[in-house]
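J.: the following comprises the amino acid sequence and a computationally predicted model.
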2 protein chains.
Amino acid sequence: MAEGPALEELIRLLARLPGLGPRSARRAVLQLMKRRDHLLEPLIARLREVADTVKSCATCGNFDTADPCAVCADPRRDPGLVCVVEDVADLWAMERAQVFRGRYHVLGGALSALDGIGPDDLAIPGLVARIASGGVAEVILATNATVDGQTTAHYISERLRPYRVAVTRLARGVPVGGELDYMDDGTIATALRARKPVEA
Amino acid sequence: MAEGPALEELIRLLARLPGLGPRSARRAVLQLMKRRDHLLEPLIARLREVADTVKSCATCGNFDTADPCAVCADPRRDPGLVCVVEDVADLWAMERAQVFRGRYHVLGGALSALDGIGPDDLAIPGLVARIASGGVAEVILATNATVDGQTTAHYISERLRPYRVAVTRLARGVPVGGELDYMDDGTIATALRARKPVEA
């Protein structure tokens, strides 16, 4: 290979990032080599900083330089409202919507019989303990609308049944901007069954 | 932003790599955070190594830990045959084809009146000097089949006219595996004009 072992190994590592294949990893490395001072060196410095300072929040599982994280530490956020998500990416997606003012609990995935992922592989025991210790009025299950996500939501709602806490889930229906012609049958059926009266 | 400034800055840097947008950069960072020991730390180490050891070959412009690079230093490769490419990525593409046994000259781009890129912004003076110093029998112009690439090839062939060197270019036509129905008119016209007798 004309790339040589050092570059080849770097390409191999970058190609393991989601969204990058071997081809785009190669282009990325060339870009890094061409822009050493403005891209390669800042990237190394920032990766080092993140590796050294960013940790998992012991309360919710979010990534932040502080523990508890900025969301858990924010006194303006309602500690009585906990949104359960599969992944930190989902937490960030919720935050981008700028509408949720409670706190989070990141599961670290979804239950999956196929992949052998059980409740103890996820942050479910931690969630149950968090609810058992009191102070939470409502748990919003915001796992993905996939089979595994919904199985996980169902399992959690069962586990939380003994406690005095309201358990809700995100509404399902046609997404904003969605065109019926491009919508799958399941979404249309769900949206039809969950139809609402039109407000005058 | 729930990401926090350190992660946000890392996402911003990664999003500047070709092939990664803000969304995939965010997913990449989450993957790095989840796999610190197996992905983040090796990536930092490898980037550091590449930044410290990989340089541009003074002869051809290839990236390698050695200067002259492995291609220029290989005694089995014909020094009398020089393939001119726009970019190191093109050199790597040629090498993947495993059919060229000569050496290279990387221009570092193509001439572009629009972007204000002239001959002295590219490694064209170096190429002329390399040819002038003798020992090269053939220069293969393998610039891209774009307007800028062909302008560059034309300019180089003019600059090399004073010297005793054969100047050739890659053949143009229908690519291997190409379907006529998906081919642009220019390619079909070129392939028709350059048609060859069928060998019995």
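T.: Yep, it's here. Please read these numbers as outputs of a predicted model, since none were measured by experiment.
J.: below-threshold pLDDT in chain A: ranges please.
T.: A:1-2, A:200 (pLDDT under 70).
J.: redo that, cut-off 90
T.: Scanning chain A with the threshold set as pLDDT under 90 gives A:1-6, A:18-19, A:21, A:23, A:96-98, A:171-200.
J.: correct me, but A:Thr152 touches A:Leu107?
T.: Yes: here A:Thr152 lies in contact with A:Leu107, judged by CB atoms under 8 Å, at a distance of 6.9 Å. The C-beta positions use only the backbone N, C-alpha and C, and glycine is treated the same way.
J.: overlap in contacts, the two.
T.: Taking CB atoms under 8 Å, 6 or more residues apart in numbering or on different chains as the criterion, A:Thr152 and A:Leu107 both touch A:86, A:122, A:143.
J.: among these, who's most crowded?
T.: A:Thr143 (25 neighbours; other CB atoms under 10 Å in any protein chain shown).
J.: sec struct for it, please.
T.: Three-state call for A:Thr143 (DSSP: H, G, I helix; E, B strand; the rest coil): coil.
J.: for the nearest residue to it once chain neighbours are set aside, give its distance to B:Ala145.
T.: Leaving aside its chain neighbours, A:Thr143 sits nearest to A:Gly149 (3.8 Å; criterion: CB to CB, 6 or more residues apart in numbering or on different chains). To B:Ala145, A:Gly149 is 48 Å away according to CB to CB, to the nearest Å.
J.: looking at those two, which is more packed in?
T.: Each of A:Gly149 and B:Ala145 has its neighbours counted (other CB under 10 Å); A:Gly149 has more, 21 against 14.
J.: the more buried one is in what secondary structure piece?
T.: helix A:147-160 (DSSP states H and E).
J.: what sits up against that helix?
T.: Against helix A:147-160 from outside (CB under 8 Å, 6+ apart): A:84, A:86, A:107, A:110-112, A:119, A:122, A:124, A:127-128, A:131, A:139, A:141, A:143, A:167, A:169.
J.: quick check: what element follows that helix along the chain?
T.: strand A:166-169.
J.: would you map out the domains in chain A?
T.: A:8-53, A:63-169 (automatic domain parsing).
J.: reformat those as TSV; add distance to B:Gln31.
T.: Shown next, in TSV, are the domains of chain A (distance: least, CB to CB, whole Å):
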stretch	distance to B:Gln31
domain A:8-53	6
domain A:63-169	10
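J.: just checking, which of the contacts of helix A:147-160 belong to helices?
T.: A:124, A:127-128, A:131 (DSSP state H).
J.: turn those residues into CSV, including neighbour count.
T.: As requested, the ones in helices among the contacts of helix A:147-160 are exported to CSV (neighbours: other CB atoms under 10 Å in any protein chain shown):
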residue, neighbour count
A:Ile124, 21
A:Leu127, 23
A:Val128, 16
A:Ile131, 21
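J.: quickly list what the closest residue in space to A:Asp87 that isn't next to it in sequence is bridged to.
T.: The spatial neighbour of A:Asp87 that comes closest, neighbours along the chain excluded (CB to CB, 6+ apart), is A:Val106 at 6.6 Å. On the basis of DSSP bridges, A:Val106 is bridged to A:Val85.
J.: and A:Val106, how far from chain B?
T.: Look at A:Val106 and chain B: by CB to the nearest CB, to the nearest Å, they are 11 Å apart.
J.: got the contact list for that residue?
T.: By CB under 8 Å, 6+ apart, the residues touching A:Val106 are A:60-62, A:85-88, A:90-91, A:123.
J.: so of those, which ones are in strands?
T.: Secondary structure of the contacts of A:Val106 is defined by DSSP state E; positions in strands are A:Val85.
J.: so among the contacts of A:Val106, which ones count as buried?
T.: The neighbour-count criterion (16 or more other CB atoms under 10 Å in any protein chain shown) marks A:60-62, A:85-88, A:90-91, A:123 among these as buried.
J.: I'd like those residues laid out as CSV, including distance to B:Gly19.
T.: Shown next, in CSV, are those (distance: CB to CB, whole Å):
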residue, distance to B:Gly19
A:Cys60, 32
A:Gly61, 29
A:Asn62, 27
A:Val85, 27
A:Glu86, 26
A:Asp87, 22
A:Val88, 23
A:Asp90, 24
A:Leu91, 25
A:Ala123, 32
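J.: so what touches stretch A:179-186?
T.: A:174, A:188.
J.: just stretch A:57-77 next, same as before
T.: Contacts to stretch A:57-77, defined as CB under 8 Å, 6+ apart, come from residues A:53-56, A:88, A:91, A:95, A:101-108, A:123, A:130, B:2-4, B:6-7, B:30, B:33.
J.: list buried residues within these.
T.: Here, 16+ other CB under 10 Å leaves A:54, A:56, A:88, A:91, A:95, A:102-108, A:123, A:130, B:2-4, B:6-7, B:30, B:33 buried among those.
J.: from those, which land in helices?
T.: A:88, A:91, A:95, A:130, B:4, B:6-7, B:30, B:33.
J.: is it true that A:Asn144 touches A:Ala110?
T.: Yes: with contacts counted by CB under 8 Å, A:Asn144 reaches A:Ala110, the gap being 6.8 Å.
J.: between these two, which one's more packed in?
T.: A:Ala110 (21 against 16).
J.: just checking, A:Val50 is part of a helix?
T.: Yes: membership of A:Val50 in a helix is supported by three-state DSSP.
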